[in-house]
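> Fold the following for me, if possible:
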Amino acid sequence: MAGLFPNNDSVDYEMLRLISAARYQGSDVLEILQLIPTMTPGGFESWHDAFYGLAQRVEVEIHDRTTRLSSLCGRGRLPGFDRALGVLGNATRHTLNSPKDDFEIPIIVYKAPGIGPKHTMILGNGFDGVGFIYDWERVVTPVVDFAVANAETLEVDTAKLVLLGYSMGGFLAVRAAAFEHRLAACIAVDGIWDMSMLFTAKMPPEAPTLWRSGTPENRVRFDEAISALLASGKLAIGAQWPMNHAMWAFCTRSAPELYGRIAKFTLEGVIGGVRCPVFIGDAETDIFFKGQPQMVKEKLCEKGHLYTFTKESGADCSVGAAT
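Numbers count the residues shown, from 1 in each chain. Now for the predicted structure:
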């Protein structure tokens, strides 16, 4: 970690992410550092007020630097990305219609320089979108279909397709690879065995028992226990933020509904379907999924290739050590 908030790993990590964006003109280092004295570690409101105030100042002061504003104010992001595609020159936007499902899949294709078929990487993020499904092959397979059908135009080597998943995408990628067998390799950064483990570790001691019982009465008590915990203000930010964000990301309105969905985000019972080699990232000082990369490696046996990013080089938090 960066040591900006030595007593709060979660806030420290998020600040490091924002400072790291300076490398890509997504922030200015000094602007971010100057916010630190105005923030209360673990205080959601002070975090919001600090960055909302910065976004407002940038909006007033700057008219032509929309890239910086877009990274600070979420409402400006999509138009900024759309304009950037036109500037890049090698990127095209497509919308795929899944033949078996009633949802659309937006994708952006970035073509590499040179002529002829090339190794092609399919990149998926995690926990930053809305309305996640656990059976991610329903998303990946149509993308692979598109790459294969347009291989000549897109200059795709269909024998060298790689699926890369970041963050929660580390689970989604391996899950998809268990069903989509046209992939030559899979990369999970980091390896995640079971998403629900992140949340059950933050529960009150009695909550897991209430949840597992499955009775309507205990589900009500479970909801009350989680709701009271979130409203108390006593929960560490590293526990409260994932809970609150998950409610939004999974489009749920109650703790039982949320946990019902998250419980499906596990590789148990499906990982045996993976046929391709899998690179499994592991961060030495991980604060979210400690020990889970090793679980993925153990179940994949010789198909799993575990690599630990160490703290000496800062590589255990690659957003701050991209090179």
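> Need the residues that contact the longest strand anywhere in the chain.
Longest strand in the chain by number of residues (criterion: DSSP state E): strand 156-166. The contact list for strand 156-166 (CB atoms under 8 Å, 6 or more residues apart in numbering) reads 117-126, 140, 144, 147-148, 150-151, 171-174, 176-177, 180, 182-189. Where you see a C-beta, it was placed from the backbone N, CA and C, and this is true even at glycine.
> Please repeat the previous calculation with a cut-off of 7 Å.
With CB atoms under 7 Å, 6 or more residues apart in numbering as the test, strand 156-166 has contacts from 117-126, 140, 144, 147-148, 151, 172-173, 176-177, 182-189.
> Likewise for stretch 138-154?
By CB under 7 Å, 6+ apart, the residues outside stretch 138-154 that reach it are 96, 98, 101, 105, 107, 109, 111, 117, 120, 122, 156, 158, 161, 163, 176, 180, 182.
> mind checking the end-to-end distance for stretch 189-208?
End-to-end span of stretch 189-208 (CA to CA, to the nearest Å): 28 Å.
> Outside of that stretch itself, which residues are in contact with it?
Identification of contacts with stretch 189-208 by CB under 7 Å, 6+ apart yields 166, 168, 170-171, 222, 225-226, 229, 239, 242-243, 246, 259, 262-263, 265-268, 280-283, 286, 288-289, 292-293, 295-297.
> Quick one: buried ones out of those residues?
166, 168, 170-171, 222, 225-226, 229, 239, 242-243, 246, 259, 262-263, 265-267, 280-283, 286, 288-289, 292-293, 295-297 (16 or more other CB atoms under 10 Å).
> Just the buried positions in stretch 220-239, please.
Within stretch 220-239, the residues scored as buried using 16+ other CB under 10 Å are 221, 222, 223, 225, 226, 229, 230, 235, 237, 238, 239.
> Restricted to helices, list the residues you listed.
Applying DSSP state H to the buried residues of stretch 220-239, the entries found in helices are 221, 222, 223, 225, 226, 229, 230, 237, 238, 239.
> how close does the residue lying closest to the second one once chain neighbours are set aside get to residue 143?
In this case it means residue 222. In space, and not counting its chain neighbours, residue 222 is closest to residue 210: 4.1 Å by CB to CB, 6 or more residues apart in numbering. The gap separating residue 210 from residue 143 is 39 Å, by CB to CB, to the nearest Å.
> Over to residue 211?
From residue 211 to residue 143 the distance is 34 Å (CB to CB).
> Ok, residue 222 next?
37 Å.
> Show me the strands paired with the longest strand of the chain, marking each as parallel or antiparallel.
In the sheet, strand 156-166 lines up against strand 118-124 (parallel), strand 185-189 (parallel) (DSSP bridges).
> List the buried residues of the first one.
Under the neighbour-count criterion of 16+ other CB under 10 Å, strand 118-124 has 120, 122, 124 buried.
> Show the contacting residues for the second one.
By CB under 7 Å, 6+ apart, residue 122 lies in contact with 140, 143, 161, 163, 164.
> hmm, which two among those are most spread apart?
By the measure CB to CB, 143 and 164 form the most distant pair in the contacts of residue 122, at 12.3 Å.
> what about the two, which has more around it?
The residue with more neighbours, out of residue 143 and residue 164, is residue 143; 21 against 18, by other CB atoms under 10 Å.
> What's the separation between that one and residue 308?
Residue 143 is 30 Å from residue 308, by CB to CB.
> same check, this time on residue 216
From residue 216 to residue 308 the distance is 44 Å (CB to CB).
> pLDDT weak spots in the protein?
Counting by pLDDT under 70, the ranges of the chain that qualify are 1-2, 41-42, 59-78, 80, 202, 233-236, 238, 313-323.
> which stretches of it form helices?
Going by DSSP H, the chain shows helices at 9-20, 29-33, 44-61, 66-72, 77-88, 137-149, 151-154, 169-177, 196-200, 207-213, 216-232, 237-249, 255-262, 292-300.
> Can you get me a residue count around the residue nearest to residue 222?
Neighbours of residue 210 (other CB under 10 Å): 22.
> my read: it touches residue 220, true?
No: counting by CB atoms under 7 Å, residue 210 stays clear of residue 220, with 9.0 Å between them.
> before we move on, back to that, any chance of the strands paired with strand 156-166 in CSV, plus distance to residue 134?
Shown next, in CSV, are the strands paired with strand 156-166 (distance: least, CB to CB, whole Å):
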stretch, distance to residue 134
strand 118-124, 13
strand 185-189, 15
